[in-house]
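build the 3D model from these lines:
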Amino acid sequence: MKNLIRKFLLVVLSALMVFLICGVFIKKTKAEKVFDRIKTLPDLVLLDILGDTIRTSQIHTGPVLITFFNPECDYCKYEITSLLSSTHIDRQLTILLISYADRSEILSFIRQFDIDSTSNLYLLHDPDFRMSNLFKANVMPSNYIYNDSLQLVKIFKGSTKPEALMRYMFNDDKRQEN
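Down below sits the predicted model:
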């Protein structure tokens, strides 16, 4: 009887190990597929907060910062406030702020910033989670940095200081990291 129990436990543990290894492999494969889809800035048709169409193919050079945010997220508020008040904001870069929240919430949130003078900033609405799903932006805020050649340089999940974002956007010693 003890021998039968040992064999049963061995089979269960072996099956559990196989299950865990397969899970890790599947997760890694999915992450690689996402990276392959976004390693170059994809050609997308986006809607701004007013419903006007913007194409990413109109962005010819970088750097580009894509930030997914939620107006009710305190970390998002901190990050966007810090970014928009940063002295780096005047540099040659394009910023895409993307939210799935209701338009009225986004507009209420963004009114506290003087973004009318920031011609390189686009406020985008993603109510169907198309962009969020494409980028697998499941943490708010999430930042995706593209270099001058519109190649993905760095992904930050969670609140990030503007200095860190700018270091990857403007540093000549950039390395591709995930």
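
this protein: strands as residue ranges?
Counting by DSSP state E, one finds strands in the chain at the ranges 45-48, 53-55, 64-68, 94-99, 121-125, 142-146, 152-157.

nearest to Ile5, of those strands?
The closest approach between Ile5 and any of the strands of the chain, judged by C-beta to C-beta, belongs to strand 152-157 at 44.3 Å. From N, CA and C alone the C-beta is placed, and that goes for glycine too.

can you give me how far that closest one is from the chain middle?
Taking C-alpha atoms, centre = their mean, to the nearest Å, one finds the center of strand 152-157 at 7 Å from the center of the full chain.

strand partners of that strand, parallel vs antiparallel please.
In its sheet, strand 152-157 lies beside strand 142-146 (antiparallel), with partners assigned from DSSP bridges.

so what touches the strand it pairs with?
Contacts to strand 142-146, defined as C-beta atoms under 8 Å, 6 or more residues apart in numbering, come from residues 38, 41, 62-68, 135, 137, 152-158, 160, 165, 168-169.

if we go to 7 Å?
Residues external to strand 142-146 that are found in contact with it (C-beta atoms under 7 Å, 6 or more residues apart in numbering): 38, 41, 62-68, 135, 152-157, 160, 165, 168-169.

angle of it against strand 64-68?
Strand 142-146 runs at 170 degrees relative to strand 64-68, counting by axes from the mean of the first three to the mean of the last three C-alpha atoms, to 10 degrees.

average pLDDT for strand 142-146?
Across strand 142-146, pLDDT averages out at 94.

pull up the gap between Met131 and Val18, please.
Look at Met131 and Val18: by C-beta to C-beta, to the nearest Å, they are 36 Å apart.

the two: which is more packed in?
Neighbour tally, Met131 and Val18, criterion other C-beta atoms under 10 Å: the higher count belongs to Met131, 21 against 10.

and the closest residue to the more buried one other than its chain neighbours, what pLDDT?
In space, Met131 comes closest to Ile98 once its chain neighbours are excluded; the distance is 5.4 Å by C-beta to C-beta, 6 or more residues apart in numbering. Predicted confidence (pLDDT) at Ile98: the value is 94.
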